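Asker: fold the following.
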Amino acid sequence: MLDPHQSEFGRMASPTEILAVDRPRHIRTRFGNTILKGESDVRFVPEGQGEHEARDNP
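Answerer: Now for the predicted structure:
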């Protein structure tokens, strides 16, 4: 079982450190092990009026 701050890439597990959070729109993390290392910076931007819109999948 994974630690709550750990990611899996196939059979490789990678500890994840949370660097910055501005909920609910921004999260920045650092992850890594001896083979795979990196940082993730994600921003969530609302579409339209910022409300959930139901969409049909073609």
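Asker: element containing A13, please.
Answerer: Element membership for A13 (DSSP states H and E) is strand 12-22.
Asker: ok, now R28?
Answerer: R28 belongs to strand 26-32, assigned by DSSP H and E.
Asker: list the helices and strands that strand packs on?
Answerer: Applying 3 or more Cβ pairs under 8 Å, 6 or more residues apart in numbering; DSSP states H and E, one finds that strand 26-32 contacts strand 12-22, strand 37-43. (Each C-beta comes from the backbone N, C-alpha and C, glycine too.)
Asker: rerun at 10 Å
Answerer: When contacts are defined as 3 or more Cβ pairs under 10 Å, 6 or more residues apart in numbering; DSSP states H and E, strand 26-32 packs onto strand 6-9, strand 12-22, strand 37-43.
Asker: so which of these is nearest F31?
Answerer: Among the helices and strands packed on strand 26-32, strand 12-22 comes nearest to F31, with 4.5 Å by Cβ to Cβ.
Asker: ok, the closest one: who's next to it in the sheet?
Answerer: strand 6-9 (antiparallel), strand 26-32 (antiparallel) (DSSP bridges).
Asker: lowest-confidence stretch among these?
Answerer: Ranked by mean pLDDT, those bottom out at strand 6-9, which scores a mean of 61.
Asker: hey, what's H26 bridged with?
Answerer: Beta-bridge partners, per DSSP bridges, of H26: D22, R43.
Asker: contact partners for it?
Answerer: A20, D41, V42, R43, F44, V45 (Cβ atoms under 10 Å, 6 or more residues apart in numbering).
Asker: swap in G32?
Answerer: G32 touches S7, S14, P15, T16, E17, G38, E39, counting by Cβ under 10 Å, 6+ apart.
Asker: what's across from it in the sheet?
Answerer: Beta-bridge partners, per DSSP bridges, of G32: K37.
Asker: I'd like the distance between it and D22.
Answerer: G32 sits at a distance of 23 Å from D22 (criterion: Cβ to Cβ, to the nearest Å).
Asker: that's all I had, so thanks and see you.
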